[in-house]
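> Fold the following and give me the result.
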Amino acid sequence: MNRRSLGVIAAVAAVALVALAGCSSSGASGDKTIKIAYQKFGNFTQMDSQMKSVKKQYEKLHPGVTVDLIPIQADENDYYTKLTLMNKSASTAPDVSYEDTFLIKSDVQAGYLLPLDSYLSKWADWSKFYSNAKDAAKGDDGKTYGVSLGTDTRALWYNKTLFAQAGLPVPWEPKTWDDVLAAAKTIKDKLPGVVPFNIYSGKAGGEASTMQGFEMLLYGTKDQLTDSSGKWVTGSKGFTDSLQFVKDVYQGGLGPTPAQALDPQVGNTIATQWIPQGKLAIDLDGSWLEGNWLSTGAAPWPQWKDTIGEVAMPTQNGQAPGSTSMSGGWTLAIGSKSKNPDLAWEFVSLALNKENSQAYAIAGGQIAVRSDVAEDPTYLKSASAPELFTKIVDVTHFRPATSVYPQVSNAITVAMEAVMTGQQSPSEAAAAYDSSVTQIVGADKVAKG
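Down below sits the predicted model:
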């Protein structure tokens, strides 16, 4: 059973209630309604505010059309599961959905999404989007199935006050994985009660564990998930070394307890409590994190700029290019079962015009994917994305853009959890992953590292 299937039975009732609630808010008889599904959870409050704003704009421009907002209050894994359940039936499928780029190809394969090329070819704004943002929403057929809201990078956030108390240098400039672990060990020794270091891990974290945790390590070794021919790599030393790092953190008492780390809400807890309250010294996390601390965020914290520093995640042994990052992003996509695709497109194009894209980039701590937003003085002065996070775009990586990736991602979280909880050694967990990925993709699509 893959990650997106987990919790389906438990989620059915919740999805039914969401769908019924959405239907109850439809306009009067004869009015047209479009349903917009998106995640509302923890630091995703910015999306809720954004959709409410666009709803007002849209309904003013389209008298007689009702925008039915369906905020899904769920963590990442449960959001994917509930959205999948909604898409299975024409009666519950949204017209527009908040879609993670890594799910585009698998959802296209499942028949959930509508190609947008006929709309995009007539949309003047499309020329403003960077090519990598356009490519992120393409299916295996070369068609485009979503429009990007923004992108992101990942790095180390650290508490300068705690570092000073522990006698660690500020600014902090780790050059290797060992430097990161050494700082965490110093925090553990000098500041009891403070969690030294967080790296997301385990099945409950879903893609946060895979991408923000494991792949931030793996892509700092000589290995990657796939080779230059697109085959999935097995027998990878970098894979085993990355699991060893996870073991060093969790079995070495340098991270959250396994119980804390396996809480599906740990990311929200870290962003809104542990970091602002000085309970966590180092966090490997995304460029959007500070969005929580803005006046419009989930946990306003004006002092964060004086307290928190950012530094790139180093490569394993400091080898070129010296640091690494991972990038992803979210899109707005139109459902294949939409009864009003033209009206749905008008919502997407309005939501992602220059003004609304810029508003979301600032409030959500996003790296802009439109050239006109990226060059706008208001965006540049907003400090919504610290300068570091834009600079490390030069060393960033992207997940393999294949329809089987979600299943491979689940296999990675299984390996991480086995190591962090002490059930398997890194080599044993790596061997189990190799077996799983071979079964997922087929023996002809794997290669020895």
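
> How about residues contacting stretch 105-125?
4, 84, 87, 93, 99, 104, 126, 139-141, 143-147, 333-338, 341, 345, 348-349, 352-354, 370, 401-406 (C-beta atoms under 8 Å, 6 or more residues apart in numbering). C-beta coordinates here come from the backbone N, C-alpha and C atoms, glycine included.

> Can you select the buried ones from these in PyMOL?
Here is the PyMOL selection string for the buried members of the contacts of stretch 105-125, based on 16 or more other C-beta atoms under 10 Å:
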select buried, resi 4+84+87+93+99+104+126+139+143+144+145+146+147+333+334+335+336+337+338+341+345+348+349+352+353+370+401+402+403+404+405+406
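
> Which of the contacts of stretch 105-125 fall within helices?
Mapping those onto helices (DSSP state H) picks out 84, 87, 104, 341, 345, 348-349, 354, 405-406.

> any idea which of those residues is closest to residue 421?
For those, the residue nearest residue 421 by C-beta to C-beta is residue 406; the value is 22.7 Å.

> what's the pLDDT at the closest one?
According to the prediction, residue 406 has pLDDT 91.

> and what of residue 340?
Confidence score, pLDDT, at residue 340: 96.

> Now the helix or strand hosting residue 440: average pLDDT?
In this structure, residue 440 sits in helix 426-441 according to DSSP states H and E. Mean per-residue pLDDT for helix 426-441: 98.

> In it, which residues have enough neighbours to count as buried?
In terms of neighbour count (16+ other C-beta under 10 Å), helix 426-441 has its buried residues at 426, 429-431, 433-434, 436-437, 440-441.

> Distance to residue 260 for the residues you listed - can I get that in a markdown table?
Converted to a markdown table, these look like this (distance: C-beta to C-beta, whole Å):
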| residue | distance to residue 260 |
| --- | --- |
| 426 | 21 |
| 429 | 21 |
| 430 | 25 |
| 431 | 28 |
| 433 | 24 |
| 434 | 29 |
| 436 | 26 |
| 437 | 28 |
| 440 | 30 |
| 441 | 33 |
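
> tell me the phi and psi of the nearest residue to residue 427 once chain neighbours are set aside?
Distances taken as C-beta to C-beta, 6 or more residues apart in numbering put residue 240 closest to residue 427, at 5.7 Å, once the chain neighbours are dropped. Here is the backbone geometry of residue 240 (degrees, to the nearest 10): phi -70, psi -40.

> distance of residue 240 from residue 185?
22 Å (C-beta to C-beta, to the nearest Å).

> Neighbour count: the two, which is higher?
residue 240 (22 against 16; other C-beta atoms under 10 Å).

> Helix, strand, or coil at residue 200?
coil (DSSP: H, G, I helix; E, B strand; the rest coil).

> which residues does it contact?
Counting by C-beta under 8 Å, 6+ apart, residue 200 has contacts 208-209, 212-213, 261, 266-267, 284.

> do residue 61 as well
residue 350.

> got a pLDDT number for it?
pLDDT, residue 61: 97.

> which other helices and strands contact the next helix or strand after the helix holding residue 440?
The C-terminal neighbour of helix 426-441 among helices and strands, as given by DSSP H and E, is strand 446-448. Counting contacts by 3 or more C-beta pairs under 8 Å, 6 or more residues apart in numbering; DSSP states H and E, strand 446-448 is packed against strand 232-234, helix 426-441.

> Quick check: which of the ones you listed is nearest to residue 381?
So among the helices and strands packed on strand 446-448, strand 232-234 is nearest, using C-beta to C-beta, at 43.1 Å.

> can you give me how far stretch 99-118 is from the chain middle?
17 Å (C-alpha atoms, centre = their mean, to the nearest Å).
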